[in-house]
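**Student:** Quick one, what's the 3D model for this:
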Amino acid sequence: MKILAVGDIVGKTGIQKLKQALPNLMQENQVDVCIVNRRKCSRWNGNYRKNVS
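**Tutor:** All right, here's what the predicted structure looks like:
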């Protein structure tokens, strides 16, 4: 089993670039599972909180 781990993805640009590159990367390298850390894409740089009223 091949696993691809991708580090911090930053902002919308990072997400868009990953969306473009990931399918080819996975196919070329015969990756079975991909794990992506995207926490720095959230609104508060990793401290995502729901508005609680």
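**Student:** Any figure for the gap between residue 17 and residue 1?
**Tutor:** 26 Å (Cβ to Cβ, to the nearest Å). Placement of C-beta: from N, CA and C, glycine included.
**Student:** can you check residue 30 too?
**Tutor:** Plainly put, residue 30 is 10 Å away from residue 1 if you go by Cβ to Cβ.
**Student:** Which of the helices and strands in this structure ranks last by mean pLDDT?
**Tutor:** Counting by mean pLDDT, DSSP states H and E, the weakest-scoring helix or strand in the chain turns out to be helix 11-28, with a mean of 90.
**Student:** OK, contacts around the most centrally placed residue in the chain?
**Tutor:** When the chain is reduced to its mean C-alpha position, the nearest residue by Cα atoms, centre = their mean turns out to be residue 36, at 3.9 Å. With contacts defined as Cβ atoms under 8 Å, 6 or more residues apart in numbering, residue 36 is in contact with 5-6, 9, 18.
**Student:** Which of the residues you listed scores worst on pLDDT?
**Tutor:** For those, the least confident position by pLDDT is residue 9, scoring 82.
**Student:** That residue belongs to a helix?
**Tutor:** No. The assignment for residue 9 (DSSP: H, G, I helix; E, B strand; the rest coil) gives coil, which keeps it out of a helix.
**Student:** can you give me phi and psi for it?
**Tutor:** Backbone torsions for residue 9, taken as degrees, to the nearest 10, come to phi -100, psi 130.
**Student:** ok, the residue nearest to the centre of the chain to residue 21 distance?
**Tutor:** Counting by Cβ to Cβ, the gap between residue 36 and residue 21 amounts to 12 Å.
**Student:** same thing with residue 37?
**Tutor:** Shown here: residue 37 relative to residue 21, a distance of 16 Å by Cβ to Cβ.
**Student:** Could you save the contacts of residue 36 as CSV and add columns showing distance to residue 26 and neighbour count?
**Tutor:** Listed next are these as CSV, based on distance: Cβ to Cβ, whole Å; neighbours: other Cβ atoms under 10 Å:
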residue, distance to residue 26, neighbour count
5, 12, 9
6, 11, 15
9, 16, 18
18, 11, 15
